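>>> 3D model of this:
(one chain, ligands or ions: 1)
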Amino acid sequence: EKGGYDYFMLKEIAEQPKAVADTLLGRIDAEGSLTLDEVRIPAAALREATKVVIVACGTAFHAGLIAKYAIEHWTRIPCEVELASEFRYRDPILDQRTLVVAISQSGETMDTLMALRHAREQGARVLAICNTNGSTIPRESDAVLYTHAGPEVAVASTKAFLTQLVACYLVALYLGQVRGTKWGDEVRAVIRDLARIAEDVERVLETMEPVRELARSLAGHDTVLFLGRHVGYPVALEGALKLKELAYMHAEGFAAGELKHGPIALIEEGLPVVVVVPSPRGRSVLHGKIVSNIQEIRARGARTIVIAEEGDEAVVPYADHLIRVPATPTLLQPLVSTVPLQVFACELATARGNEVDQPRNLAKSVTVE
Ligand code: F6R
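From the prediction side, this is the model:
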């Protein structure tokens, strides 16, 4: 049943191009228009929405953090993202014009379910992004956009995360379409690139051997840090979460701009630091900033593991290890830059003798608080 792989996690990582393609299937036509028939929230309600609030836990929360960048940039609707466990015990300000998006692979996560009930009680409409047909969260939502990752067995989420990202991009683009947002060539190009992004994910998977080797060489370390900016920041958080849960290592993700506000004190000789570098095209300011962050940490002894787009030569002098990903529009980069971090965590866990598919103390579906 593991299809020739040693672990479900490896199988599920390998299935990502298909999971992504399946989630896109039939949802973007040749002209770049979106059809999301399942989103049975009346177009008028979507047009009148004044705010989007995303609630989720763990890896799904990271997908939500990335969605915020896309939703606000493409549609100009204010978007908040909150851990469901915090949201449900606060007194959040919601009304009928708030669109709440609940993201959950299993559809059974207690905190996410309670957050959506809390939101509906206050009149907000809830759209679920879910991978499990007929589970509780979609049943209790106003509408659901299913991800088509197929069953995810390994406790650590991989293919579900990539499909959650795809679903978030689709929701963002759909909101823009329904609201008649005037899009320039940039968004039209993004839609074209999204429609064929599965090929890029496939290309990343073909080049993972050096990442595995690198991971094995780090098995004796205690700490790994992850840095990113913009959508690379949630990717850094996700890389750190994967390493914690699988390798049982101290791993932390930071926004690179926060380095000087504390975390840089952690840098010492030989400390592995993974840096997610945004595209040098597009938002070049971001790129320049992160190149200086890499220089700063390297000058203090960090062993830099740099994830950068093909053709990005500026990072080469400062990268102790360079992991290449295909060029994508900035906002879509998490679909390719997360993959090496999944492979990295899986390989480190194996090298440390851990049970990859069933990490200690964790359950696949968290139906209690
Ligand atoms: C991490 C992981 C968890 C889940 C979280 C939410 O790899 O799998 O952090 O993402 O428990 O689960 P769902 O998406 O089922 O609500």
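
>>> Does Leu225 touch Met249 like I think?
No. With contacts counted by Cβ atoms under 8 Å, Leu225 stays clear of Met249, the gap being 10.7 Å. For glycine as for every other residue, the C-beta is placed from the backbone atoms N, C-alpha and C.

>>> Would you mind telling me which of these two has the busier surroundings?
Leu225 (24 against 21; other Cβ atoms under 10 Å).

>>> where does the more buried one land in three-state SS?
Secondary structure, DSSP: H, G, I helix; E, B strand; the rest coil: Leu225 is strand.

>>> quick thing: my sequence starts at 58, can you match it?
Will do, 58 is the new start, and the previous item becomes Leu282.

>>> could you measure the most centrally placed residue in the chain against the ligand, distance?
By Cα atoms, centre = their mean, the mean C-alpha position of the chain lies nearest to Ala120, the distance being 3.9 Å. Counting by Cβ to the nearest ligand atom, to the nearest Å, the gap from Ala120 to the ligand is 9 Å.

>>> Would you confirm that that residue contacts Val223?
No. With contact defined as Cβ under 8 Å, Ala120 does not count as touching Val223 (9.4 Å).

>>> The nearest residue to Pro386 once chain neighbours are set aside: neighbour count?
Nearest-residue entry for Pro386: Val247, 4.8 Å, with adjacent residues in sequence omitted and distances by Cβ to Cβ, 6 or more residues apart in numbering. Other residues near Val247 come to 24 when the count uses other Cβ under 10 Å.

>>> State the helix or strand in which Val247 lies.
Secondary structure from DSSP states H and E places Val247 in helix 242-252.

>>> so how far is the longest helix seen in the chain from its chain's centroid?
In the chain, taking DSSP state H as the definition, the longest helix is helix 216-235. Centre-to-centre, helix 216-235 and its host chain are 11 Å apart (Cα atoms, centre = their mean, to the nearest Å).

>>> which residue does the chain bring closest to the ligand?
Gly115 (1.9 Å; Cβ to the nearest ligand atom).

>>> That residue: what's it in contact with?
214, 298 (Cβ atoms under 8 Å, 6 or more residues apart in numbering).

>>> Tell me the spacing between it and Ile354.
27 Å (Cβ to Cβ, to the nearest Å).

>>> in the stretch 258-407 of the chain, which spans are helices?
Along the stretch 258-407 of the chain, the stretches classed as helices by DSSP state H, counting those that start in this stretch are 266-274, 289-304, 341-356, 391-408.

>>> hey, least reliable of the ones you listed by pLDDT?
The minimum mean pLDDT among those belongs to helix 341-356 (a mean of 94).

>>> residues making contact with that helix?
Taking Cβ under 8 Å, 6+ apart as the rule, helix 341-356 contacts 284-287, 289, 313-314, 316, 321, 324, 330, 332, 334-337, 361, 363, 369, 371-372, 375-377, 387.

>>> Up against the ligand, what does this protein have?
114-117, 161-163, 166, 169, 213-214, 298, 302, 422-423 (Cβ under 6 Å from any ligand atom).

>>> please redo it, this time with the cut-off set to 8 Å
With the criterion set to Cβ under 8 Å from any ligand atom, the chain comes near the ligand through 113-118, 160-166, 169, 188-189, 194, 212-215, 217-218, 221, 298-299, 302, 419, 421-423.

>>> I'd like to know which of the helices of the stretch 258-407 of the chain lies nearest to Ile150.
helix 289-304 (24.0 Å; Cβ to Cβ).

>>> If you count contacts, what does that closest one end up packed against?
Counting contacts by 3 or more Cβ pairs under 8 Å, 6 or more residues apart in numbering; DSSP states H and E, helix 289-304 packs against helix 115-132, strand 280-285, strand 307-312, strand 329-333, helix 391-408.

>>> now the angle from it to helix 216-235?
160 degrees (axes from the mean of the first three to the mean of the last three Cα atoms, to 10 degrees).

>>> Where does pLDDT dip in this structure?
Judged against pLDDT under 70, the chain has no low-scoring part.

>>> please redo it, this time with the cut-off set to 80
Low-confidence segments of the chain (pLDDT under 80): 339-341.

>>> hang on, the earlier thing: same list (the helices of the stretch 258-407 of the chain) but as JSON lines, adding mean neighbour count.
Below are these laid out as JSON lines (neighbours: other Cβ atoms under 10 Å):
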{"stretch": "helix 266-274", "mean neighbour count": "16"}
{"stretch": "helix 289-304", "mean neighbour count": "26"}
{"stretch": "helix 341-356", "mean neighbour count": "17"}
{"stretch": "helix 391-408", "mean neighbour count": "26"}
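
>>> of all those helices, which lies closest to Ala206?
Ala206 lies closest, by Cβ to Cβ, to one member of the helices of the stretch 258-407 of the chain: helix 391-408, at 13.1 Å.

>>> what distance separates that closest one from the centre of its chain?
That offset, for helix 391-408, works out to 13 Å (Cα atoms, centre = their mean).

>>> before we move on, what about stretch 161-174?
18 Å.

>>> same check, this time on stretch 390-408
Remark: stretch 390-408 is offset 12 Å from the chain centroid, using Cα atoms, centre = their mean.

>>> Stretch 375-393 now?
For stretch 375-393, the distance to the chain centre is 14 Å (Cα atoms, centre = their mean).

>>> And for stretch 91-98?
For stretch 91-98 - counting by Cα atoms, centre = their mean - the centre lies 22 Å from the chain centre.

>>> Next: stretch 333-345.
Chain-centre distance of stretch 333-345: 18 Å, with Cα atoms, centre = their mean.

>>> cool, and stretch 343-355?
Counting by Cα atoms, centre = their mean, stretch 343-355 is centred 22 Å from the centre of its parent chain.

>>> swap in stretch 154-167?
Distance, centroid of stretch 154-167 to centroid of chain: 15 Å (Cα atoms, centre = their mean).
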